[in-house]
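# my questions concern the predicted model and sequence given below.
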Amino acid sequence: MAAYTLLKLGDNGSMGDLACISYESMIFYTSFDRKKIKKFIDKKDLKKILKMDWGYKIEKIKCGIKCEFLVGWTKKPSISTEMIKIVKSSIDEKFLNEVQNIVNNLKVAIVNGEKENMKKLITENGNILKNLNKNIYSPELIKLVKASEGLDVCAKSSGSGGGDCGIAFSFDENDSRELTKRWEKLGIETIFLEKL
């Protein structure tokens with residue numbers, strides 16, 4: 001129902017945030033075809049649409065290694081809809097295949113607790129996004145990621161980028177504290193920290 005409402009209002013995000021909120025745990029999420037569902041919304045009534053198989057997949061996963069998940073807020077707003085419109089023209093089949101491959105491998109690394117592989121894949125994903133379009137990584141997000149250097153931590157932008165938030169996985173509690181201090185000095189607020 002929430003995804004239906006957002007689509008009706010013109011939102012073009014993946015709805016991954018809704019999936020995370022609904023399950024309140026780490027998930028592996030595959031989005032539905034938003035263009036296809038939008039066409040159905042324009043033609044069918046609500047009851048029929050809600051009974052349809054939208055084609056999304058949500059799988060609960062558990063991290064196989066002790067670590068902490070942090071979210072840093074740059075205090076610079078980003079409008080997802082606008083960011084998606086800006087970067088959409090840069091997205092091609094090659095980019096989508098590369099990202100899908102990274103995400104699939106990252107799921108395996110997380111479940112198996114492969115720390116170095118997790119760090120490598122999260123960094124790779126961040127770099128692909130950075131190279132896709134200059135608007136994705138704001139100066140604040142670049143600083144947020146750089147703050148993790150020299151720590152047992154990996155970080156990247158979250159969501160559509162352009163400001164707003166970045167995420168980090170920390171494999172050492174002292175490094176988590178150090179990262180939050182570094183973020184604070186940069187004007188970045190740690191809005192979430194949870195042990196996985």
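Perfect, I can see it now. Worth saying up front: this structure is predicted, and the values here are computed from it rather than measured.
# which stretches of the protein aren't confidently modelled?
Scanning the chain for pLDDT under 70 picks out 78-84, 159-163.
# domain map for it?
Per automatic domain parsing, the structural domains of the chain span 2-60, 68-195.
# deepest of the ones you listed, which one?
Most buried of the domains of the chain by mean neighbour count (mean count of other C-beta atoms under 10 Å) is domain 68-195; its value is a mean of 17. In short, each C-beta sits where N, CA and C put it, glycine included.
# pretty sure residue 32 sits against residue 58.
No: using C-beta atoms under 8 Å as the test, residue 32 is too far from residue 58 to be in contact (10.8 Å).
# quick one: end-to-end distance for stretch 11-25.
24 Å (C-alpha to C-alpha, to the nearest Å).
# same check, this time on stretch 148-165
Stretch 148-165 has an end-to-end distance of 15 Å (criterion: C-alpha to C-alpha).
# roughly how far is that stretch from the heart of the chain?
Between the centre of stretch 148-165 and the centre of its chain there are 10 Å (C-alpha atoms, centre = their mean, to the nearest Å).
# so which residues make contact with whichever helix in the chain runs longest?
Looking across the chain with DSSP state H, the single longest helix is helix 93-112. Applying C-beta atoms under 8 Å, 6 or more residues apart in numbering, the contact partners of helix 93-112 are 26, 28, 61-64, 114, 117-118, 121-122, 124-125, 128, 132.
# just the CA atoms of it, as PDB, please.
What follows is helix 93-112, C-alpha atoms only, in PDB (Å, rounded to 0.1, in the frame of the first residue of the first chain):
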ATOM      1  CA  GLU A  93      23.000  -2.100 -19.000                       C
ATOM      2  CA  LYS A  94      26.700  -2.400 -18.200                       C
ATOM      3  CA  PHE A  95      26.300  -0.400 -15.000                       C
ATOM      4  CA  LEU A  96      23.200  -2.400 -13.900                       C
ATOM      5  CA  ASN A  97      25.000  -5.700 -14.500                       C
ATOM      6  CA  GLU A  98      28.100  -4.500 -12.600                       C
ATOM      7  CA  VAL A  99      26.100  -3.400  -9.600                       C
ATOM      8  CA  GLN A 100      23.900  -6.500  -9.600                       C
ATOM      9  CA  ASN A 101      27.100  -8.700  -9.600                       C
ATOM     10  CA  ILE A 102      28.600  -6.600  -6.700                       C
ATOM     11  CA  VAL A 103      25.300  -6.800  -4.700                       C
ATOM     12  CA  ASN A 104      25.000 -10.600  -5.200                       C
ATOM     13  CA  ASN A 105      28.600 -11.100  -4.100                       C
ATOM     14  CA  LEU A 106      28.100  -8.800  -1.100                       C
ATOM     15  CA  LYS A 107      25.200 -10.800   0.100                       C
ATOM     16  CA  VAL A 108      27.300 -13.900   0.100                       C
ATOM     17  CA  ALA A 109      30.200 -12.100   1.900                       C
ATOM     18  CA  ILE A 110      27.900 -10.700   4.600                       C
ATOM     19  CA  VAL A 111      26.200 -14.100   5.300                       C
ATOM     20  CA  ASN A 112      29.600 -15.900   5.400                       C
END
